[in-house]
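>>> Predicted coordinates and the sequence they were generated for:
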Amino acid sequence: MLALMGGAPAYFSVFAAAADAQDGWRWCRKCQGLWFAGNSTAGACASGGGHEETGSASYRLSYNAPGFRGQHGWLWCSKCQGLWFSGNRERTYGLCPAGGAHSRIGSGDYAITAGSGQRNWRWCRKCQGVWFAGNQTEGICPAGGVHSAVGSGDYALNIADAPIIGDNDLLGIWSAQARTKGGLGAQFTFVRGGEVVATFGALVDFKYEINGNRLITTSDEPGKAEQSTEVFAIEGNTLQLTIAIPQGPSVTRALTRVGDPYPDVHPIIGAWRGPYPPTRGEAITRYSRSGSGQLSVPFQTQTGSYRGGTAPRIDFGASAGSVVTLRRDGDLLITRNVEGKEGTFRRFEY
Ligand SMILES: [Zn+2]
Ligand SMILES: [Zn+2]
Ligand SMILES: [Zn+2]
C-alpha cells in the first residue's frame, strides 16, 4: 500500500529553496541599531543585555539576491544579531557589542539601498553597524559613545507587510505539500494554549467513498491510483476494517477514535489511531466530510511553542536557529526557517 524508503531526514531539509528577501529585522530602541529577531536570541546590545523589538516594524532586507540593485556586502553577525557592513575600505569587521569584532559566519549576503522605504538609516564607521538617525538620539555605539553618521549615505529600509495571524488561523493539522519520493513529509499540529507538535513521517493522501458497509479507498499518490475495499463497522469509539481476501481468511484491524465524534455527520468522520504493520508503528487515519482522507505515520516528533500576532512563529527552544516564522498565503501556511528556506503547508479540514 505504501512504500517506505530510506531514513527520515530532519524535516527542515525538505523545505524548498531560499527566497530572495528576509523579513523579521527589527530596530532596537536601546541602541538604535538593526538586528534580526527571527532567532531564539535577542543578541547583544551596546546598551547592555539583548536588543529590543518593542515599537519596531518588521523590516525586509534583500537576501542572497545577486541581481538586486543596491549596496551588497552587508552581513548578519551571529554574535550580536546585528547587521554590519563588510565592504568598508579599511576591511575591518568593526566592533561587536558581544565583544571583539563582528562575525560573518553563517551569514548570507544582504543588500540595502538609498531608494524608497523608510529613510534616515546610517552606516556607523565606528562599529560598521547600521542605525536609525531619525530619532532625537544617536543611540549607543559598541565602539563607545554614540553612533556616527559621518561618511554614510542615507539608506532606506523596506517595511515588511506583516499580516496579523490569529491563533484560530493556525489551529489544526497542517501537512507539507512537498513530499519525498518515498512519501514522507512534515506536519504541524497547532493546539489551543500555544503548543505545536512537529512530526516527520509517512503521509498518504487518499479519497474515500462509502457504499453500504463498504469503504472504498483510492490513493492520491501520482501515478498510483491504488484502490482498496474494506468492510467497516463502527461501534462506540472503535472502527473495524476487514479486508476480504478471496479464498483466504479475512484480515480485520481495529482503530480507536481520537478525540470526540463530530455531531450530525457520518460517524467515520474524524481521526482514528491504530497499528501500522509495515513499520510496527502507529498510524493516524483521518476522514473528512468532503471524501478526502489522510494516513499519517510519524517517525520523528518535536514539540515547541507558537504564537500568532504580528510576528507569528514557532519556537522549538532547544537551540539557536530553532525558530520558524509563519505567514498565511490564502489557504496555505508558509513557514520559513532561519536559513530562509520556505515550506508550504495545507490544513486538513474535517
Ligand atoms: Zn540594541
Ligand atoms: Zn556583532
Ligand atoms: Zn556605531
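Received it, and whenever you're ready, just let me know what you need. Being a predicted model, the structure only gives us computed values, none of them experimental. Numbers count the residues shown, from 1 in each chain. Ligands and ions are numbered 1, 2, ... in the order given.

>>> excluding its backbone neighbours, what's nearest Lys30?
Ser47 (4.2 Å; CB to CB, 6 or more residues apart in numbering). No exception for glycine: its C-beta is placed from N, CA and C like everyone else's.

>>> How much space separates that neighbour from Trp35?
Distance, Ser47 to Trp35, by CB to CB, to the nearest Å: 12 Å.

>>> Kindly report the residues of this structure close to ligand 1.
Cys28, Lys30, Cys31, Cys45, His51 (CB under 5 Å from the ion).

>>> Please produce JSON lines containing the residues you listed, extended by distance to ligand 3, pLDDT and secondary structure.
Below are the residues of the chain next to ligand 1 laid out as JSON lines (distance: CB to the ion, whole Å; pLDDT from 0 to 100; DSSP: H, G, I helix; E, B strand; the rest coil):
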{"residue": "Cys28", "distance to ligand 3": "12", "pLDDT": "97", "secondary structure": "coil"}
{"residue": "Lys30", "distance to ligand 3": "13", "pLDDT": "97", "secondary structure": "coil"}
{"residue": "Cys31", "distance to ligand 3": "8", "pLDDT": "98", "secondary structure": "coil"}
{"residue": "Cys45", "distance to ligand 3": "12", "pLDDT": "98", "secondary structure": "coil"}
{"residue": "His51", "distance to ligand 3": "14", "pLDDT": "97", "secondary structure": "coil"}
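
>>> In a helix, Asn168, correct?
Yes. According to DSSP: H, G, I helix; E, B strand; the rest coil, Asn168 belongs to a helix.

>>> Distance-wise, check it relative to Ser290.
In terms of CB to CB, Asn168 sits 21 Å off from Ser290.

>>> Next: Thr301.
For Thr301, the distance to Ser290 - CB to CB - is 28 Å.

>>> Okay, and Glu52 sits in which element?
Per DSSP states H and E, Glu52 falls between elements, in no helix or strand.

>>> That one and Arg26: what is the separation?
8 Å.

>>> So those two - more neighbours on which side?
Just comparing Glu52 and Arg26: by other CB atoms under 10 Å the higher neighbour count belongs to Arg26, 23 against 18.

>>> which other helices and strands contact the helix or strand hosting that one?
Assigned by DSSP H and E, Arg26 belongs to strand 21-27. Contact partners of strand 21-27 among helices and strands, from 3 or more CB pairs under 8 Å, 6 or more residues apart in numbering; DSSP states H and E: strand 34-36, strand 59-63.

>>> Centre of the chain to the first one, how far?
Meaning strand 34-36. 20 Å (CA atoms, centre = their mean, to the nearest Å).

>>> Then stretch 254-265?
Worked out by CA atoms, centre = their mean, stretch 254-265 lies 30 Å from the chain centre.

>>> again, but for stretch 205-220
The mean C-alpha position of stretch 205-220 is separated from the chain mean by 32 Å, CA atoms, centre = their mean.
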